Structure formats: structure tokens, C-alpha cells
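Chemist: Here is my input, please return the structure:
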Amino acid sequence: MRITKYGHACVRLEKHGRAIVVDPGVMTPEPDASAEVEAVLITHEHFDHFDPDRLKAVRAEVYSCAGVARHLSGLGERVHVVHDGDRFRVAGFQVSVVGDKHHLSHPDVPPVDNVGFLIDEAVLHPGDALTTVRAPTLLLPGQAPWLTVPDMIDYLRRMAPHRAYAIHDGLLNEWGLRVLDDVLAMEAERAGTEIRRLRPGESVEV
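Modeler: Just a heads-up that it's a prediction; the model follows:
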């Protein structure tokens, strides 16, 4: 499986000439992220993960939570609402749905729906949550208003993946990215495994 990282929290997964994309939101400017994909997976409704106009422009099935689906009534049967524990197969990928709510981000605002996607029992994109399941490859939230470095490290250690690639970094400037890279390098050395940030446009094979 090839994983390509695009702007912010978006990743494209390709296998045997078929492709799906996860979270091509407003902070994902690259049009090729969702080109010729058979399915778009959306973890939750926040703009950095979800761009309704983009979904209207692609001919693909959409899998997401109820919170996203309520914004997509015009897409009809292309939209599939999924919940924690569901499993489906699309574009040759087996997808398990994990989690149901966004991480707490404000004491006065209830968390929105958030579903993570475990793809081929191999790659986890948790969206904006710290859902713990067994996954060899973790797409790690690298920075967010709801995330501290201690929380990120604790999540990494609980997950103990074979490799972790940080995404969700679109709010960081050059200095913030340097700090994130340093934190990830320290944890990689401690764990003795590959833990680092994926750059936009970078691909890895898993």
C-alpha cells in the first residue's frame, strides 16, 4: 500500500491501481489528492478535514459520520453513514470504523462526531481523536488546539505502532514544524522505530 500525504490531515492510499482518500479538507489545496479515487473517507465535519464543495466535484462514494452526512443531502446514495464497529470494503481496501467522538476541544462545546478508519488492519487514521486500536502504522495527529505534546507522546506509547507518521500539521509555521520534528525524533530514538512527520507530497510504502 502506498500512502501519500497532502495538505494538513489528508492522505491518499493506493493499492493495485485503485485509490481512496481520507480527509481532503479546506486546508488540502492539492487537486490531485482526490483525483480518480473510488471513495472519500471523512472523519468529521471540521473544515480542515471536510470540504463539501470538493465532494460535489468528485465521482466517488463518501463514507463518514452522521455529522458530516447532514451537510451532504444533495449527494444522495453516494453518502454512507458509518459508526464505530462497522466494516466495509471499497476499492479493494477493507475498512474498519473506530471511535465515535472528537477529542475534547473546548469545555463549553460538546465534541462532534468523529470516526477513525483502520484500513486493511494496517493503517489507522484516527481523525481528531486518540482512539487506541492495534495498528502497525499510525497516522499521528501532530498538532492541534486540542492536543498537547504530553498527550501526543502518551498516545504514541499506548499505540506502540511499528511506525508512525505525523500529519495534521497545517496550523504550524516553520518554527512549530521544527519543534514537532524534534519531539518526534526524540520519541523515535526512545522507541527504536520510525516516527517522523510526512511532508506534503511525500509517499511511503507499507
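
Chemist: all helices of the protein, in order?
Modeler: Assigned by DSSP state H, the helices in the chain fall at 52-57, 66-69, 149-159, 174-191.

Chemist: Can you say which of the ones you listed is packed in most?
Modeler: Highest mean neighbour count among the helices of the chain (mean count of other Cβ atoms under 10 Å): helix 66-69, with a mean of 19. The way it works is simple: take the backbone N, C-alpha and C, and place the C-beta from them, glycine included.

Chemist: Which strands or helices does it pack on?
Modeler: The contact analysis (3 or more Cβ pairs under 8 Å, 6 or more residues apart in numbering; DSSP states H and E) places helix 66-69 against strand 79-81.

Chemist: and the strand it packs on, which residues are buried?
Modeler: Within strand 79-81, the residues that qualify as buried are 79, 81, counting by 16 or more other Cβ atoms under 10 Å.

Chemist: what residue lies at the spatial centre of the protein?
Modeler: The centroid of the chain falls nearest to residue 125 when counting by Cα atoms, centre = their mean (3.8 Å).

Chemist: Show the contacting residues for residue 115.
Modeler: Neighbouring residues of residue 115 by Cβ atoms under 8 Å, 6 or more residues apart in numbering: 43, 44, 64, 65, 82, 83, 84, 97, 98, 99, 100, 127.

Chemist: got it, and residue 198?
Modeler: Residue 198 makes contacts with 3, 5, 165, 166, 167, 204, as judged by Cβ under 8 Å, 6+ apart.

Chemist: Show the end-to-end separation of stretch 47-63, please.
Modeler: Chord length of stretch 47-63, first to last residue, is 16 Å (Cα to Cα, to the nearest Å).

Chemist: residues touching residue 39, list them.
Modeler: By Cβ under 8 Å, 6+ apart, the contact list for residue 39 reads 20, 21, 60, 61, 62, 63, 90, 91.

Chemist: So among the contacts of residue 198, which ones count as buried?
Modeler: 3, 5, 165, 166, 167.

Chemist: quick check, nearest of those residues to residue 178?
Modeler: Among the buried ones among the contacts of residue 198, residue 166 lies closest to residue 178 (Cβ to Cβ), at 12.9 Å.

Chemist: thought that closest one was touching residue 144?
Modeler: No - Residue 166 is not in contact with residue 144 according to Cβ atoms under 8 Å; the separation is 11.3 Å.
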